[in-house]
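# Got a predicted structure plus its sequence, pasted below:
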Amino acid sequence: QASVMESGGGLVQAGESLRLSCRSSGVLLDSYAMAWIRQAPGKEREEVSCIWWNTGTPTYLDSVEGRFIISRDSAKNTLYLQMNNLKVEDTAMYYCLAEAACGIGDGIWGQGTQVTVSS
């Protein structure tokens, strides 16, 4: 059964960094785009970043452009999100999503990892 699982969330102070990881299993990654989705309490879900697995082409939410970097390691079937200069407003549950194309917003979901940024 295809699955993805996130790790790497935590509590940090504003200005610090975190790296999220998403390990996939049973997913034909070349057929998918892999995305990081976040949702904060009371707010709408946002696609923070996405990468086309076969080409490596990334997309970013405007508010994270220049601070977050999405990458993948095909040998490890793992997706990463390097988050630098974190802000309080980045606080959310972050989900890994294998989707047919960037922006679709549905597909194979992970269970989520919490990122909390304190001031």
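Nice, I can see it.
# Which parts of this protein are strands?
For the chain, the strands defined by DSSP state E occupy 3-7, 10-13, 18-25, 33-39, 46-52, 58-60, 68-73, 78-83, 92-99, 108-109, 113-118.
# Tell me which residues are up against the first one.
Strand 3-7 has contacts (Cβ atoms under 8 Å, 6 or more residues apart in numbering) with 20-27, 34, 79, 94-98, 108-113. C-beta here means a position set from N, CA and C on the backbone, and glycine is covered the same way.
# Equivalent analysis for the last one, please.
The set of residues that contact strand 113-118 without belonging to it, under Cβ under 8 Å, 6+ apart, is 6-14, 16, 18, 20, 38, 83, 86-95.
# Which residue, other than its chain neighbours, is closest to Trp52?
Excluding the flanking residues, the one nearest Trp52 by Cβ to Cβ, 6 or more residues apart in numbering is Ala33, at 5.0 Å.
# brain fart, Ala2
Ala2 sits nearest to Gly26 (Cβ to Cβ, 6+ apart), 4.1 Å away.
# what's near enough to touch the one you found?
Per Cβ under 8 Å, 6+ apart, neighbours of Gly26: Gln1, Ala2, Ser3.
# Repeat that for Cys22.
Val4, Met5, Glu6, Ser7, Met34, Trp36, Thr78, Leu79, Tyr80, Leu81, Cys96, Gly110.
# Tell me the spacing between the residue nearest to Ala2 and Lys87.
From Gly26 over to Lys87 the distance is 35 Å, taken as Cβ to Cβ, to the nearest Å.
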